[in-house]
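>>> Sequence and predicted structure below; questions after.
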Amino acid sequence: MKILGIRVEPKKTTFVVINCEGDNFTIINNECIKVPAALDFPEKLKYIRSCVLDILREYTISIAGIRIAESNSQNLDVTRLHIEGVIQEAFASSSVDKYFTGRKTSIASRLNMKPKQLELIIKGNNGYELLGHWELLKNNNAREAALVAMGALA
């Protein structure tokens, strides 16, 4: 079974694909979707949706998760919210068996940890032993994408 985790930023979207065989979880892909700047906004949303659907098909994703913006964020970016909505719609209209939309507190809860513990893992201060090839995740967004994928599985 394969699990997809996604973390959105206004100009790029990070995704991590995890292979699950029994109790063994291994990262098999970690990439960014960079949206061409020349596209107008509706075309950018269409591009992202198309890329996400391609990823779901290419890896035969069974479970997916997306890290969504915190509701109390002072600098909430509307572009990010639109992209997150399009990705959620792509999940809903695909053959994914189950999907999860999570903020930091709900991800931490699903992983049976406190939000502070999750934050240390995201920042790279601590590793996440359940996931093979964790060292491939070089930035916070990639780590968040992997953790939301694991949260989707829970």
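That came in fine, so what should we check first?

>>> shaky segments in this protein?
By pLDDT under 70, the low-scoring segments of the chain are 73.

>>> Longest helix in the protein, by number of residues?
helix 41-58 (DSSP state H).

>>> Skip ahead from that helix and say which helix or strand is next.
With elements assigned by DSSP states H and E, the helix or strand that comes after helix 41-58 is strand 61-67.

>>> circling back to that earlier point, and the longest helix of the chain, how far out from the chain's middle?
Offset of helix 41-58 from its chain centre (C-alpha atoms, centre = their mean, to the nearest Å): 14 Å.

>>> Same question for stretch 5-16.
With C-alpha atoms, centre = their mean as the basis, the mean position of stretch 5-16 lies at 6 Å from the chain mean.

>>> mind exporting it as CSV, just the C-alpha atoms?
What follows is stretch 5-16 as a C-alpha-only set of coordinates in CSV (Å, rounded to 0.1, in the frame of the first residue of the first chain):
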residue,chain,number,x,y,z
GLY,A,5,1.4,13.3,2.1
ILE,A,6,1.1,16.9,0.8
ARG,A,7,2.2,20.3,2.2
VAL,A,8,1.2,23.4,0.2
GLU,A,9,2.9,26.7,-0.1
PRO,A,10,1.7,29.5,-2.4
LYS,A,11,4.4,28.9,-5.1
LYS,A,12,5.1,25.2,-4.7
THR,A,13,3.6,22.0,-3.3
THR,A,14,5.7,19.4,-1.5
PHE,A,15,4.7,15.8,-1.6
VAL,A,16,6.0,12.6,-0.1
